[in-house]
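# Below: sequence and its predicted model.
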Amino acid sequence: MDVIIRATLVFVLLWFVLRVSGKRQVTQLSAFELILLVTLGDLISQTVMQEDLSLTGGALAVATFTLLSILLSWVSWRFNASRPVLDGEPTILLRDGVVDEDVLRYERLPLDHLLAAAREHGVRDLADVDLVVLEADGTFSFFTRSGGGEQQHRPVQRVE
């Protein structure tokens with residue numbers, strides 16, 4: 001029972017830390033951040049398992065994390081009001097070619113990253129973009145002006 005309680009507490013702590021840390025993608029981590037992530041995993045396993053290195057203890061910890069993940073997913077699916085808290089919300093970074101510097105600062109997203117994502121999607125000038133949305137999962141959605149006045153949705157790009 002002790003393993004289940006510790007696993008639940010660590011799960012909640014990890015969920016909170018990941019929500020606070022922002023919209024990031026593992027493939028975009030620096031070498032130092034990757035080392036921190038691996039170290040964090042080791043610290044978590046020590047915290048959850050404490051002295052119990054048995055197969056049963058490990059299975060209980062994994063099962064607890066799995067069940068809590070499924071529970072969060074179910075709550076998000078079942079109760080729409082919980083989605084902004086559990087899954088996050090999309091954020092508008094640019095509207096009508098004008099970058100919102102306050103939002104970039106809040107998301108801790110350098111303008112250089114937005115410009116790089118725009119270049120990767122063939123956008124030469126942000127003035128040609130109607131809307132850029134930073135999705136809850138850390139991807140960019142670009143909506144550009146097209147010749148007929150319609151908007152075109154560009155493929156998404158993950159951010160750091």
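Everything's here; your move.
# what's near enough to touch residue 81?
Taking Cβ atoms under 8 Å, 6 or more residues apart in numbering, we find residue 81 in contact with no residue. Heads up, the C-betas are built off the backbone N, CA and C, glycines and all.
# my read is it is in a helix, agree?
Yes. Counting by DSSP: H, G, I helix; E, B strand; the rest coil, residue 81 is part of a helix.
# how near is it to residue 75?
Counting by Cβ to Cβ, to the nearest Å, the gap from residue 81 to residue 75 is 10 Å.
# Over to residue 107?
Using Cβ to Cβ, residue 107 is found at 25 Å from residue 75.
# And for residue 11?
Residue 11 is 14 Å from residue 75, by Cβ to Cβ.
# Counting neighbours around each, name which of these two comes out higher.
Neighbour tally, residue 11 and residue 75, criterion other Cβ atoms under 10 Å: the higher count belongs to residue 11, 21 against 13.
# Show me the helices in this protein, by range?
With DSSP state H as the criterion, the chain has helices at 2-21, 31-49, 55-78, 83-86, 101-106, 111-120.
# hang on, isn't residue 97 packed against residue 123?
No. At 10.6 Å, residue 97 and residue 123 do not qualify as touching, with contact defined as Cβ atoms under 8 Å.
# got any residues that touch both of those two?
With Cβ under 8 Å, 6+ apart as the test, residue 97 and residue 123 both reach residue 129.
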